[in-house]
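[1] got a sequence here, can you build the structure:
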Amino acid sequence: MRPRVGGLILFHGAGGDRDHHLFVALEAALNVRVARINFPYRQTGPGRRPPDRMPKLIEAVNGAVAEQSAAWNEPADRLVVGGRSMGGRAASMAVAEGLEPAGLLLLSYPLHPPGKPEKLRVDHFAAIGCPTLLVQGTRDPFGRPDVFARHLPAIAGPLTENWIDANHSPAEKLDDDIVAIIRSWLADL
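    Predicted coordinates:
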């Protein structure tokens, strides 16, 4: 019998790209195919550009899943999607809008902008029905653990939370620990 997960598709945060150190570490360490995807605004050449608006990011997530599904000859429901910060948010919104992956990986989810806890990014949580892993820093200014605790129960599917002693951008020295968390969760899907 084949393992449940046929691949992992990762999307970067607003200021990052596909070569984030954690993404590279995941690709090297996991026994599953990994696609590290740049959003369209990062594909246009050198220089800093602002992120695309969320509808375009969601479209990019859906497009990348379709491309990797075809390239790997794996149905989307055997793929895990997710990413860091904005990338995880875009993936979660694609899932809420109908994408049906094997799982959703949220790394440093931006629950709200720093200093603006009233601008929550949770309206779509109830429409997330797939297994979800949240790996979040306890010192992340994009959402304190107590604020997350009030909103995570809205996620409809099974949720696994893993809190680490970090801010919004966990140091590279934590990569091995985060990889181990993700490897264990993937094995249980």
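[2] CA atoms for contacts and neighbours, from now on please.
    Fine.
[3] who touches the helix or strand harbouring residue 179?
    Counting by DSSP states H and E, the element that carries residue 179 is helix 175-188. If you take CA atoms under 8 Å, 6 or more residues apart in numbering as the criterion, helix 175-188 is touched by 5, 21, 22, 25, 26, 29, 30, 133, 135, 162.
[4] neighbours of the last one, how many?
    It stands for residue 162. Look at residue 162: counted by other CA atoms under 10 Å, it has 15 neighbours.
[5] how much space between it and residue 181?
    Distance, residue 162 to residue 181, by CA to CA, to the nearest Å: 8 Å.
[6] pull out the buried residues from the helix holding residue 179.
    Using 16 or more other CA atoms under 10 Å as the test for burial, helix 175-188 gives 175, 178, 179, 182, 183, 185, 186.
[7] quick one: which of these is nearest to residue 79?
    Among the buried residues of helix 175-188, residue 186 lies closest to residue 79 (CA to CA), at 10.4 Å.
[8] CA-only coordinates of the helix holding residue 179, as CSV, when you get a sec.
    Listed next in CSV are the C-alpha coordinates belonging to helix 175-188 (Å, rounded to 0.1, in the frame of the first residue of the first chain):
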residue,chain,number,x,y,z
ASP,A,175,15.1,23.7,11.6
ASP,A,176,15.9,20.2,12.7
ASP,A,177,13.2,20.4,15.5
ILE,A,178,10.6,21.7,13.1
VAL,A,179,11.5,19.1,10.4
ALA,A,180,11.0,16.4,13.1
ILE,A,181,7.6,17.8,14.0
ILE,A,182,6.5,17.8,10.4
ARG,A,183,7.9,14.4,9.6
SER,A,184,6.0,12.9,12.5
TRP,A,185,2.7,14.6,11.5
LEU,A,186,3.1,13.5,7.9
ALA,A,187,3.7,9.9,8.9
ASP,A,188,0.4,9.9,10.9
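[9] helices along the protein, start to end?
    Assigned by DSSP state H, the helices in the chain fall at 21-29, 54-72, 86-96, 145-151, 175-188.
[10] to residue 112, which of those helices lies closest?
    Going by CA to CA, the one of the helices of the chain nearest residue 112 is helix 145-151, 9.8 Å.
[11] now what about the closest one, what contacts it?
    111, 122, 138.
[12] just the buried subset of those, please.
    111, 122, 138.
[13] now do the contacts for residue 30.
    So residue 30 contacts 179, 183 (CA under 8 Å, 6+ apart).
[14] per-residue pLDDT, it?
    Confidence at residue 30, expressed as pLDDT, is 96.
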